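Trainee: Sequence first, then the predicted structure:
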Amino acid sequence: MNDILNKKALPKEEQALLDSFLADNRLFLGPDPEVMRNHSIAPRTAREDEILKKGMDVHQVHHIRGLINAALSEAFQMVNQMGAAPGAKWGDLVTGIFTNSGDLAMIAPHGIIAFAACCFYPIKFIIKYWVDDPTVGVKEGDGFIHNDARYGGVHNTDQSMMMPLFYKGELVCWLSSTIHEGENGACEPGGMPAAAESKYDEGIKMSPFKVVENFQLKRDLVTFLQNSVRDPKLQLEDMKVKLHAVMRLRDRIVAIMDQYGKDAVMGTLRSHLEDVEVEMRRRIKELPDGTTRVNAFMDSSLRENCIQKISLALTVKGDRMILDFRGSAPQFLNRAVNTNIASFKAALATGLLQNIWPDLPHTMAVLSPIEIVSDRNSILDAEGEMPQAMSLMPLFKACVIWTIPMNKLNYSLPHRYSAVIAQQYDQAATFIYGGLTQHGDITGNFCSDINGMGQGARSDADGEHSLSPVFGFMADSGEHEINEEDTPIVRLGAQRLAKDRIGFGKYRGGMGYEQIATMRNSPLWGFMTGCEGSLFSSAQGLFGGYSCPAYQLCKIKGINIFEELKKDPKIIDKWDMLSLMNEQPIPGGKYSSHDMGMTFELCQEGEIYMICQGSGGGYGDVLERDPQLVMKDLEEDLMSHDLARDIYKVVYDEKTLLVDEEATTVLRQAYRKERIARGKPFDAFCAEWVKPEPPAHLPYFGSWENLKEIYASSAGQRIKMDSDKLQGAFMLNPKDLQIAALEAKVAALSSQLDDCNKARK
Amino acid sequence: MNVLITEYLRINLDTENYECRRCNKVLVSARENYKRGLLVYDRDPREIHKPLLDTSKYERTYSPNPQWCRILEYYCPQCGTMMEVEYVPPGHPPLHDIELDIDALKAQWKDRPEVKEVPTGPVPPRRGHHHHGHSH
């Protein structure tokens, strides 16, 4: 955005004059590619070099690191306990410490990795642009706020407080706190508007600016921000919470410097980063040289169904690792599911630390030695003007996508740093909401059910049920009672594991829970959901394990469940989605099943909305599942008998659950023979199977066989582009398409009617 | 010397072949795509992820849509073990998902002892059943 194109060579002095003039007269300090496209740690500063060359006492470094960790943890707890946002209450936050160059050195042990891994971008922006700007400047007691992901950040619901720490006149480090706040004044409540068709529908877009002076919030700016969102209470309260948590963190770091000196702290932060980078290179070097690959197919833009391919080739050569995402889907001009590459990288770091090498320190240095390649203007490297309010879709993929190819590289290693694991479920399966509360307040936010995604199966165990979100291993699924006190949402069913929705395998994926909700006592209330995976399974299995199933949003509209329960308290036998939908116990209800992506929709009192969290992928061949584990799933009512028989091929007594081991072995052996009989040799199969381009009926986005040819549908027409010349795809309004289809139907019926009338005459 | 590549595949470094870890079948050269040594079957996803909602009432039933999503199942031609599955849109070329540098692999394993059983990694800490000294 700030690139100067077609620079001509000038004499040195003139060039310097021109550079200085341009620097002083920059029209707009937009997101800076020099900052935003670099995810590696900065070179040592002269000060850091001087400190490290003197030599660090490793025991003292370890001790100081422990003290900083404790300080970060304390600040995290403050935000966790005092934060008003639902996200803060259940762990969707972080506190972090950065070197004075802005490199992320450490985060709170339980914090959200990606938040901090994004915060170094705005801090580097502040260092580059505001430190020397006489109208801004950076001094003791200042605090900066930011939320626009184009300047760094996961997405625009997250707001950060960033503070420089000066000690004896020297800028020693930066401190930050970030919360998923939710509401941000977007075109839909709750901060994640799938309906956003341009960046200007996304609500407030804060570039990094100073909102704190002398350790106090500037009331004029706070008021401006409160005036820009639906929840002014939330805005004020959490700005205060983040500020005071960062100030406490500052006190602790100052105390460490009082005791050990600032060089000890600066040296610890820098050596921590460098040590982690060295360890990363050592681990990469242990892996076999070669390339492993995975494709992910996302099936929705959250406005319409369409396939978007994410292509990843992971190459290791010596101590180099390259993640090559070329061949992925192009960006959308008017859909919210794009992301910028900086946010995408932060999600990749999260995936590495959550699923691959979770024992590594949580710092940006883990990603520093990895080279990341992408097509510009692809869905994961979208340009700044593209809407990206629902960037969660590609970002959640980034959290899990390298699980599969990394396991294919590291399975052989003699030593393992963590489990071999299939993909975790990766959809934001929760209700986003907005409207007037029972207390008369306007609000918009999301439920903490997002934090219960099923974990993938492991090479030696079933996956954990509803474990955590893909982006935060310690986030909790929360207390519904607190949510019910704050909002008119009433939980009719919660935390019941979604029976039969399983990623099957020798070991099965951990399952997700159901969420059944309605609204009571609000004059205006609505829900939205932002998930794909309703036509094409999302979480992938590993080494022969199946993926999770598809998932739906179900509704019972046109009823008031509270009135029904008054009439007959026993009208519902069992609050589970499948019984409610298949048995339809509430008379007069309009029962429907949908994709899991729904833009904001009004809910009348007592109408029922149902979704569930998903299963992680399975591991290994289903025929190798221990029959006793199959019985255990039956005993725990996680699975129906027909699946035990049809998928796992177990012979047993349904009443006693006693397995006939011998008959099971015979049945499984016979089934293996069936497989051999029906399977075709690969080359012969491909000759029939492989088509030269995507089927005409599929709205398909991304490469097919050739990674350099990218397919898309734009304005209703299929197009093919060179991967280095990608343009955004323009999507037609689904309602216009529906109207056109209905008009065509009316025209056809009218014409038939005319024919009938003519025939009658 | 064998190097274990997946739950079901190993590379015999001496013969430079992929082999099945269940039945020892020699599948294909380790310098090729291992899938070329396997059988493939195009599975309708509704057979695995069965409809859980009444298909006479609803179009969306928790089954992937077979017009959008197919499951390619890969079997060992000798023992019928399902070694890999791949979810793809109909007609999408199967992925060459493992492509190792065999010469580098040989050099890397020159001084490593053979691994016969794969380590499972550290066991995650679990909350113990400790007592609070009072009853609930």
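Mentor: Cool, the structure landed.
Trainee: need the longest helix for chain A.
Mentor: helix A:232-260 (DSSP state H).
Trainee: Show me what counts as buried in it.
Mentor: Going by neighbour count (16 or more other CB atoms under 10 Å in any protein chain shown), the buried part of helix A:232-260 is A:232, A:234-239, A:241-250, A:252-254, A:256-257, A:260. (Each C-beta comes from the backbone N, C-alpha and C, glycine too.)
Trainee: Please, where are all the strands along the stretch 601-750 of chain A?
Mentor: Here the stretch 601-750 of chain A has its strands, by DSSP state E, counting those that start in this stretch, at A:608-612, A:680-681, A:700-703, A:709-714, A:717-722.
Trainee: Report the inter-axis angle for the last one versus strand A:709-714.
Mentor: Orientation of strand A:717-722 against strand A:709-714 (axes from the mean of the first three to the mean of the last three CA atoms, to 10 degrees) gives an angle of 150 degrees.
Trainee: buried stuff in strand A:717-722?
Mentor: A:M721.
Trainee: what's that strand in contact with?
Mentor: A:P330, A:A696, A:Y700, A:K708, A:E709, A:I710, A:Y711, A:A712, A:S713, A:Q727, A:A729 (CB atoms under 8 Å, 6 or more residues apart in numbering or on different chains).
Trainee: secondary structure class for A:F431?
Mentor: Per DSSP: H, G, I helix; E, B strand; the rest coil, the local secondary structure of A:F431 is strand.
Trainee: so what's it up against?
Mentor: A:F446, A:C447, A:D449, A:I489, A:Q515, A:A517, A:F527, A:M528, A:T529, A:Y609, A:I611.
Trainee: per-residue pLDDT, the residue sitting nearest the centre point of chain B?
Mentor: Closest residue to the average C-alpha location of chain B: B:E84 at 3.8 Å, with CA atoms, centre = their mean. On pLDDT, B:E84 comes in at 98.
Trainee: three-state assignment of it?
Mentor: Applying three-state DSSP: B:E84 is strand.
Trainee: my read: it touches A:Y546, true?
Mentor: No: B:E84 is beyond contact range of A:Y546, at 11.1 Å (criterion: CB atoms under 8 Å).
Trainee: So A:N445 versus A:P86, what's the distance?
Mentor: 5 Å (CB to CB, to the nearest Å).
Trainee: on that earlier part again, same question for the helix or strand just after the longest helix of chain A, mean pLDDT?
Mentor: Moving toward the C-terminus from helix A:232-260, the next helix or strand (DSSP states H and E) is helix A:262-286. Per-residue pLDDT over helix A:262-286 has a mean of 97.
Trainee: Correct me if wrong, but A:F21 is in a strand.
Mentor: No: the assignment for A:F21 (three-state DSSP) gives helix, which keeps it out of a strand.
Trainee: I'd like to know how many residues surround it.
Mentor: 9 (other CB atoms under 10 Å in any protein chain shown).
Trainee: how close does it get to A:G544?
Mentor: If you go by CB to CB, the gap between A:F21 and A:G544 works out to 63 Å.
Trainee: Over to A:A194?
Mentor: 35 Å.
Trainee: Once you drop chain neighbours, what's closest to residue 78?
Mentor: Using chain A here. A:A245 (4.3 Å; CB to CB, 6 or more residues apart in numbering or on different chains).
Trainee: nope, chain B please
Mentor: Using CB to CB, 6+ apart, the nearest residue to B:Q78 is B:K25, at 3.9 Å.
Trainee: What residues does that neighbour make contact with?
Mentor: Counting by CB under 8 Å, 6+ apart, the residues that B:K25 touches are B:E19, B:C76, B:P77, B:Q78, B:C79.
Trainee: Would you mind giving these as JSON lines with pLDDT added?
Mentor: Formatted as JSON lines, those follow (pLDDT from 0 to 100):
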{"residue": "B:E19", "pLDDT": "98"}
{"residue": "B:C76", "pLDDT": "98"}
{"residue": "B:P77", "pLDDT": "98"}
{"residue": "B:Q78", "pLDDT": "98"}
{"residue": "B:C79", "pLDDT": "98"}
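Trainee: Residue ranges in chain B under the pLDDT threshold?
Mentor: For chain B, residues meeting the criterion pLDDT under 70 lie at B:124-136.
Trainee: can you give me the strands in it?
Mentor: For chain B, applying DSSP state E gives strands covering B:2-4, B:9-12, B:17-20, B:26-29, B:39-43, B:70-75, B:82-88, B:98-100.
Trainee: Can you tell me, leaving aside adjacent residues, what's nearest to A:K345?
Mentor: Excluding the flanking residues, the one nearest A:K345 by CB to CB, 6+ apart is A:H39, at 4.7 Å.
Trainee: Near the one you found, how many other residues are there?
Mentor: When neighbours are counted by other CB under 10 Å, A:H39 comes out with 21.
Trainee: next one: A:H697
Mentor: 9.
Trainee: I figured it hits B:Q67, correct?
Mentor: Yes: using CB under 8 Å, A:H697 makes contact with B:Q67 at a distance of 6.4 Å.
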